[in-house]
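Chemist: no FASTA, just this:
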């Protein structure tokens, strides 16, 4: 409990000193405790019951749902504090971060960030365009007790350009329409902020082929420099090659595009299979 106190108290400092701000600060901390306590799953309805049953925190259902969906929480300061609380974020001398986007289906029609989003992973009995929030998120990849875990470091709500141009209610914060950003720009901004916080450590972003291109590489590399790199398109059957050798004097033909064949990702994984943990 002393560890939780040392972690959670600094997070409350980012809320305002008004009565409402202090109440939101307490609610934010108790909500985190409700997630940590092995009482029930982390669904919003179950968290609300946990607050009342375990902590005696009385709040109306509608108000708690509004708080959970609030777009005005001071996330910028909260994330900076959380990054500083991580004791040893490096893995083999560099920070590994996972990057991807996901959708979270919703029911209410006035929830910020919601839109009819195309779901490419929808099953045959599911809607191809569910009413959902589209979230671009970055997480720290770290081994915890021998298993890889992804600990969230930052996120952004992505809204299509048509939603922002239409000035829909789900794209406004305190009456003002949010500016449009592509997913690439949002991802690059988050990586740059993380790299600025961990200013001396190399950053390796692990992502799928959708983000693994110049749309993300160019702005991130321009701001971070040689400390930044991307690992992408690493499927188990992809063939990997070494870097090509330097061109020799008076060598005929074009420069080689690939170096010596190293094998597939599966073949290379077998070389370290003995060190793997399950």
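Modeler: Arrived safely. Since the model is a prediction, treat every value here as computed from it, not as a measurement.
Chemist: going forward, measure contacts between C-alpha atoms and count neighbours the same way
Modeler: Fine.
Chemist: so what does the lengthiest strand in the chain touch, helix or strand wise?
Modeler: In terms of residue count, the longest strand belonging to the chain (DSSP state E) is strand 131-144. Counting by 3 or more CA pairs under 8 Å, 6 or more residues apart in numbering; DSSP states H and E, the packing neighbours recorded for strand 131-144 are strand 95-105, strand 114-116, strand 147-158, helix 183-197.
Chemist: what about that strand, distance to the chain center?
Modeler: Centroid displacement of strand 131-144 relative to its chain, using CA atoms, centre = their mean, to the nearest Å, is 3 Å.
Chemist: what's near enough to touch residue 130?
Modeler: Residue 130 sits next to 105, 116-119 when contact means CA atoms under 8 Å, 6 or more residues apart in numbering.
Chemist: can you do 6 Å?
Modeler: With contact set as CA atoms under 6 Å, 6 or more residues apart in numbering, residue 130 has these partners: 116-117.
Chemist: quick check: phi and psi on it?
Modeler: Main-chain torsions, residue 130, degrees, to the nearest 10: phi -70, psi 150.
Chemist: now swap in residue 5 and tell me
Modeler: Backbone torsions for residue 5, taken as degrees, to the nearest 10, come to phi -60, psi -40.
Chemist: in JSON lines, list the helices and strands packed on strand 131-144 along with mean neighbour count.
Modeler: Formatted as JSON lines, the helices and strands packed on strand 131-144 follow (neighbours: other CA atoms under 10 Å):
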{"stretch": "strand 95-105", "mean neighbour count": "19"}
{"stretch": "strand 114-116", "mean neighbour count": "22"}
{"stretch": "strand 147-158", "mean neighbour count": "17"}
{"stretch": "helix 183-197", "mean neighbour count": "19"}
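Chemist: helix/strand/coil for residue 48?
Modeler: helix (DSSP: H, G, I helix; E, B strand; the rest coil).
Chemist: tell me how far it lies from residue 38.
Modeler: Per CA to CA, to the nearest Å, residue 48 is found 14 Å from residue 38.
Chemist: now do residue 151
Modeler: 18 Å.
Chemist: any idea how far the residue located most distally from the centre of the chain lies from residue 256?
Modeler: Here the chain reaches farthest from its C-alpha mean at residue 250, the gap being 49.4 Å by CA atoms, centre = their mean. Separation of residue 250 from residue 256 (CA to CA) stands at 14 Å.
Chemist: check residue 4 too.
Modeler: Taken as CA to CA, the span from residue 4 to residue 256 is 56 Å.
Chemist: compare residue 48 and residue 38 (neighbour count), which wins?
Modeler: Set residue 48 next to residue 38 and count neighbours by other CA atoms under 10 Å: residue 48 wins out with 20 against 9.
Chemist: do you know the pLDDT at that one?
Modeler: Looking at residue 48, its pLDDT reads 88.
Chemist: okay, strands next: where are they in the stretch 151-278 of the chain?
Modeler: For the stretch 151-278 of the chain, applying DSSP state E, counting those that start in this stretch gives strands covering 172-173, 176-177, 203-207, 228-231, 239-241, 261-264.
Chemist: where does the residue nearest to residue 47 when sequence neighbours are not counted land in three-state SS?
Modeler: Spatial nearest neighbour of residue 47, excluding adjacent residues (CA to CA, 6 or more residues apart in numbering): residue 34 at 5.9 Å. Here residue 34 is recorded as helix under three-state DSSP.
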